[in-house]
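K.L.:
With the input below, show me the fold.
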Amino acid sequence: VRSGELLMRRGRKTESAASRRARQHFTETVLERERCEIQDLIPHECGGGCFDACHVLPKRFIKRETNTWSEEDQIAAMWDVANGLKGCRVGHNLFDGAGHCGLTVEDLPAAAVRFAADYGWRFELEREYAGDRRMAA
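P.N.:
Okay, the predicted model is just below:
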């Protein structure tokens, strides 16, 4: 194990101490928000109690897009709180479901749209959140 790496595994790759700190900051910051933010996007019976810090642009996309970047830049993109929403488990499952329950980019929080635009990833938001067009396909 190289200096600064943890023995803990997350997925298939050893998580660095810097990544762990950024992930924890993302999680804590998003979970400090008052309510299930997904409730504002997808009305549902909130599961309450157990909340998740959810990514608007999926982690799998960010990993793919940043795989040639420096670790510092990868971490900054992956754990940017502007790309996060607080959601109960029920809401998180709905939000991550196929078609995101018909949500469009216009439905998303402005901070998440700015996050995607800042990285040049607006195209992915358009693809992920195509609303009824995607659900009908």
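K.L.:
And the strands in the chain?
P.N.:
5-10, 13-16, 51-55, 84-88 (DSSP state E).
K.L.:
contacting residues for the closest residue to residue 81 other than its chain neighbours?
P.N.:
Among residues not flanking residue 81 along the chain, residue 29 sits closest, at 4.8 Å (C-beta to C-beta, 6 or more residues apart in numbering). To be clear about C-beta, it is placed using only N, CA and C from the backbone, and glycine gets the same treatment. For residue 29, the contacting residues are 53, 81, 84, by C-beta atoms under 8 Å, 6 or more residues apart in numbering.
K.L.:
Counting residues, what is the longest helix that the chain contains?
P.N.:
Scanning the chain for the longest helix, with DSSP state H as the assignment, gives helix 17-31.
K.L.:
What residues sit buried inside it?
P.N.:
For helix 17-31, burial by neighbour count (16 or more other C-beta atoms under 10 Å) applies to 19-20, 22-23, 26-27, 30.
K.L.:
Then stretch 64-81?
P.N.:
65-66, 74-75, 77-81.
K.L.:
what about it, distance to the chain center?
P.N.:
Between the mean C-alpha point of stretch 64-81 and the mean C-alpha point of its chain there is a distance of 13 Å (C-alpha atoms, centre = their mean, to the nearest Å).
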